[in-house]
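Enquirer: Sequence first, predicted coordinates after that:
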Amino acid sequence: MKYTKLPHTDIEVSKICLGTMTWGNQNTEAEGHEQMDYALEQGINFFDTAELYPIPAHPDRKSDTEKIIGTWFKKTGNRDKVVLASKIAGKAEFTKFIRTTGFQRESIIEAVEGSLQRLQTDYIDLYQLHWPERNTNFFGKRGYKVDITDHWEDNFHQVLETLRDLVREGKIRHIGISNETPWGTMRYLEESKVHATLPRAITVQNPYSLLNRIFEIGMSEISMREQIGLLAYSPLGFGVLSGKYLGDRMPEGSRLALFPNYNRYIKPEAIKATQKYYELAQANDLSLAQMSLAFVNSRPFLTSNIIGATTMKQLKENIASINMELSDEILEQIDAIHEEIPNPAP
């Protein structure tokens, strides 16, 4: 395994992070425990979860993923071996069953307390805002579209004040943001620069893959210059970059077969790009999944690559990508495909 440090800290994390959003829906508790056992054996010490998981969110499975991690901590006593990240759900129609969502002080405190209880731990190493409260950066859109119905009021300072108090209480150690834009990222960073007592966001968890490199537009420069590390999620585009959906296939039990509304990665241009990446991988005797993950692993702004799997075979292949180094020639060919079909799955 390879390791990096969470920016502005001495906390060392594996460059592969274990994602958990299928546990409690596509995966059972026993399967989640098996994945954590194997990941730890392979040197992965960084787990990412959220109060919203499993996905898709549903009242009958409310926060079950955190509960599965909590029972594993209790069973194994491995809490001190894991750097644990979780998230508070933002305001949305599909999160109303969780609690009064949004980033008001009482909501953040309630969310943290709930996560601590389910995770059976006294602290969370990295606590993240799952997505902005304001209307921006939606899936399927490549840029910001003005929404005159958005009545959000600037509350960056108040949010950071609440998180600061939770840090002082020892309930969270550091904070991060997720699904953020360049403007939102800089606003959080500037608040903590101007007001020294406020905690600094050290990571941003955004989608990043061969099919979605929008992070490179604006966010990558912020990441490098401000040292706010990318936690890349959906690096295989919901499994599309494994190649299993090529040729109009829809494997039984796959995520997109179960949840067809998550279709942004199988739209025509995305499939066209995936076919080209598949042919490139085949020409170089590489697994498409491992080539796709190795590309993400190679980015200079990456802190950790969040992989997810529903089978142990997938998990083993994904973790093994850390050992793959892509040649300059392959990277150039990847960029050529990206120039031809840029960001087909925003």
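Expert: Noted; the coordinates are in hand.
Enquirer: List the buried residues in the lowest-mean-pLDDT helix or strand in the chain.
Expert: Lowest mean confidence among the helices and strands of the chain (mean pLDDT, DSSP states H and E): helix 255-258, at a mean of 85. Buried residues in helix 255-258, defined by neighbour count with 16 or more other C-beta atoms under 10 Å: 255-256. Yep, even glycine has a C-beta here, placed from its N, CA and C like the rest.
Enquirer: Give me the pLDDT for residue 145.
Expert: pLDDT for residue 145: 79.
Enquirer: just the strands in the stretch 51-200 of the chain please.
Expert: 83-88, 124-129, 172-178 (DSSP state E, counting those that start in this stretch).
Enquirer: So which residue is dead centre in this structure?
Expert: residue 233 (3.5 Å; C-alpha atoms, centre = their mean).
Enquirer: hmm, back to that, how far does the least confident helix or strand of the chain sit from its chain's centre?
Expert: 19 Å (C-alpha atoms, centre = their mean, to the nearest Å).
Enquirer: One more: stretch 143-154?
Expert: 24 Å.
Enquirer: can you check stretch 99-107 too?
Expert: 22 Å.
Enquirer: go on, stretch 321-333?
Expert: Relative to the chain's own centre, stretch 321-333 is displaced by 22 Å; criterion: C-alpha atoms, centre = their mean.
Enquirer: Which residues are in contact with residue 76?
Expert: residue 37 (C-beta atoms under 8 Å, 6 or more residues apart in numbering).
Enquirer: 10 Å instead?
Expert: Contacts for residue 76 (C-beta atoms under 10 Å, 6 or more residues apart in numbering) come out as 33, 36-37, 40, 82.
Enquirer: Mind giving me the ChimeraX select for these, buried ones only?
Expert: Selecting the buried subset of the contacts of residue 76 in ChimeraX, with 16+ other C-beta under 10 Å as the burial test, is done by:
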select :33,36,40,82
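Enquirer: From the contacts of residue 76, which land in helices?
Expert: 33, 36-37, 40 (DSSP state H).
Enquirer: Most remote residue from the middle of this structure, which is it?
Expert: The chain, farthest from centre, C-alpha atoms, centre = their mean: residue 283 at 30.1 Å.
Enquirer: Not counting sequence-adjacent ones, nearest residue to residue 122?
Expert: Closest residue in space to residue 122, ignoring its immediate chain neighbours: residue 116 at 6.8 Å, by C-beta to C-beta, 6 or more residues apart in numbering.
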